[in-house]
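Student: Let me see the structure of the following:
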Amino acid sequence: MTSPTSPTSGDTPNRRQWLGLALAATATATITGLALAQSTAFPTKPITLLVPYGAGGPTDQHLRALAEVAGQQLGQPVVLDNRPGANGTNAAAALARAAADGYTLAILPASVYREPFINKVPYDPATTFSYLLLLSDYTFGLAVPANAPWKTWADFAADAKRRPGKINVGAAGAIGTPRIVMDEIAAAAGIELNMVPYKGDADITAALLGGHLDAAPLSGVAMPHIESGKLRYLVMLTEKPLPNDSKTPTLVDSGIPLWIDSPYGLAAPRGLPPERAQRLHDAFKKALESPASQKVMAQLNQRANYLGPTEYRAYAIQTLAREKTRVARLRERGQLD
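Tutor: Presented below is the predicted three-dimensional model:
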């Protein structure tokens, strides 16, 4: 007869069964733990950073310094993939088609917020991207040859009023931010300039040095020529004076509250897991603050213009609304026909 307390094969497991169950549970826990660790480990391979401009330019120079430091922080290389053209929106278009896994990032320049109102694009700045951090802002000034007759903005504006449409000013593209702002400046000053479109700052700089242009809004590409004495900034097209150039006045100082606002920042596809977004943000923020980044920005006459994810997204939405208004004005003037 079986005792009430004696185990049987039909109810309570025997010792061998207990041991098997324990081993199975341990194996399951181990596999689950490994799977969890593998799912949360990031990154485990190189990260691609899409750059909307060609190699060797000011943006590329700064990003190569950032990529080196960020790669060290992440433990994986950050590889630049240059995608010039399409008014600086090729990188954003490619990012819109990328997987939201953090392995494809892109630099978004100011033109990304304007292009949807001009051409059909595969992205919506309000919904397509995960904004990680704003990085820096191009520093523009109105550059003229060293032997130009104007010493101040007042001189330049007075001459333009005497000779409407006779001063040749180069700017990148017909609808680039510098060109648009120069048109707004001319309207505010009551002057007429002959705006000449070029493909980019390198071509503009060569034309200015060659005597084919009278002036041009130029970013940090002008700095080597300014330092060598071949060019000079007549006035800075920034909101505030630069810490390392307090001698050159801003246009705001001259009573015209306009400047070229053209920052660039880092974004990922929409839907990026929060923990990966945070890791990428932290790595690139440290890279932005690094001595290598500071050195390149100083050479380009730029400074850090950091905004975190929430503030960066708010900036993007605000800029999108501003660019919609700007494009409407361009159409009214017939500049987009």
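
Student: these two touch, right, T44 and G75?
Tutor: No - checked against Cβ atoms under 8 Å, the pair T44 and G75 is beyond contact range at 9.0 Å. Just so you know, the C-beta spots here come from the backbone N, C-alpha and C atoms, and that holds for glycine as well.

Student: what separates K247 from A148, distance-wise?
Tutor: 17 Å (Cβ to Cβ, to the nearest Å).

Student: ugh, wrong one, L288
Tutor: Distance of L288 to A148, given as Cβ to Cβ: 35 Å.

Student: Between those two, tell me which one has more neighbours.
Tutor: Ranked by neighbour count (other Cβ atoms under 10 Å), L288 and A148 place L288 first, with 23 against 16.

Student: who's in contact with the more buried one?
Tutor: For L288, the contact set (Cβ atoms under 8 Å, 6 or more residues apart in numbering) comprises 66, 133, 135-136, 304, 306.

Student: Please indicate which of those has the highest neighbour count?
Tutor: L135 leads the contacts of L288 on contacts (other Cβ under 10 Å) with 27 neighbours.

Student: if I've got this straight, it is in a strand?
Tutor: Yes - assessed by DSSP: H, G, I helix; E, B strand; the rest coil, L135 belongs to a strand.

Student: What sits closest to it if chain neighbours are left out?
Tutor: Nearest non-adjacent residue to L135, counting by Cβ to Cβ, 6 or more residues apart in numbering: G265, 5.3 Å away.

Student: Could you grab the helix/strand/coil label for H281?
Tutor: helix.

Student: Can you tell me how far it is from I167?
Tutor: From H281 over to I167 (counting by Cβ to Cβ), the distance is 45 Å.

Student: What count of nearby residues applies to the residue nearest to L135?
Tutor: G265: 26 neighbours (other Cβ under 10 Å).

Student: go on, Y113?
Tutor: With other Cβ under 10 Å as criterion, Y113 counts 25.

Student: same check, this time on R326
Tutor: Quick note: R326 (other Cβ under 10 Å) scores 19 neighbours.

Student: Same question for D282.
Tutor: Neighbour tally, D282, other Cβ under 10 Å: 15.

Student: In contact with it, which residues?
Tutor: Q73.

Student: Could you tell me how far it is located from V181?
Tutor: 34 Å.

Student: circling back: contact partners for the residue nearest to L135?
Tutor: Per Cβ under 8 Å, 6+ apart, neighbours of G265: 107-108, 131-135, 307, 312.

Student: Just to be sure, it is in a strand?
Tutor: Yes - judged by three-state DSSP, G265 forms part of a strand.

Student: Can you name the residues bridging to it?
Tutor: L108, L134 (DSSP bridges).

Student: who are the neighbours in contact with the residue nearest the centre of the chain?
Tutor: Centroid check for the chain by Cα atoms, centre = their mean gives Y264 as the closest residue, at 2.2 Å. If you count contacts by Cβ under 8 Å, 6+ apart, Y264 has them with 59, 107-110, 134-138.

Student: Pick the one among these closest to L209.
Tutor: Y138 (19.8 Å; Cβ to Cβ).

Student: doesn't P217 make contact with that closest one?
Tutor: No - Y138 lies out of contact with P217 (Cβ under 8 Å); the separation is 9.9 Å.

Student: between the two, what contacts are shared?
Tutor: With Cβ under 8 Å, 6+ apart, Y138 and P217 have common neighbours I260.

Student: Of the contacts of L288, which is the nearest to E227?
Tutor: S136 (20.1 Å).

Student: Now do the contacts for that closest one.
Tutor: Contacts of S136 (Cβ under 8 Å, 6+ apart): 62, 263-264, 288, 297, 302-305.
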